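sequence unknown, structure follows:
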């Protein structure tokens, strides 16, 4: 069994006439173009440490199989707003797992998309921990309830948004939580 011990967050945007090349440029902007990405589901392993992107990039090897949770969105519609976000929810008890969530949207400003991804991760963690809350309350109110419960230590997100290229070139946005060291 492979259990990640370290993760970092990254994001990027790419623009090109070819959809695949646009994705490649977004990966370059994120600094992980040299990796073979494998998408995994949304669990942040117990005791998995989040490190800065620049430290994480140093741990990657060209051609390496790299596990990550990522969000990606693309458009070739001029001026269409697109976003890709990863939300993170870390439990206070580092012996249990947290959550990562991915969110991709159209027409949603970056701040809103990022908060949505963060809310999604926190809600998944809160329901796992049995924290009682009203799903109809606004994110800011629920965030306070989650933190006051004493179970959730931290929530955060990373977001990349962009407007579609005015000339109709493919625009890709990308955000990821990249796992880099394993037990």
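On my side now, so go ahead. Since the structure is predicted, the reported quantities are computational estimates derived from the model, not experimental observations.

please report how far the closest residue to residue 151 other than its chain neighbours lies from residue 98.
The shortest distance from residue 151 to any non-neighbouring residue, by Cβ to Cβ, 6 or more residues apart in numbering, is to residue 129 (4.5 Å). Where you see a C-beta, it was placed from the backbone N, CA and C, and this is true even at glycine. Using Cβ to Cβ, to the nearest Å, we find residue 129 at a distance of 10 Å from residue 98.

the helix or strand hosting residue 111: what's the following helix or strand?
Following DSSP states H and E, one finds residue 111 within helix 110-129. Sequence order places helix 139-148 as the next helix or strand after helix 110-129, per DSSP H and E.

which ones are touching the most centrally placed residue in the chain?
Taking Cα atoms, centre = their mean as the criterion, residue 86 is the residue nearest the geometric centre of the chain, at 2.0 Å. By Cβ atoms under 8 Å, 6 or more residues apart in numbering, the residues touching residue 86 are 9, 69-71, 100-103, 117, 157-158, 175-177.

you'd agree residue 95 is in a helix?
No: using DSSP: H, G, I helix; E, B strand; the rest coil, the assignment for residue 95 is coil, not a helix.

what about it, how many neighbours?
A total of 7 residues lie near residue 95 under the criterion other Cβ atoms under 10 Å.

pull out the buried residues from the helix holding residue 111.
For helix 110-129, a neighbour-count test (16 or more other Cβ atoms under 10 Å) marks 110, 112-126, 129 as buried.
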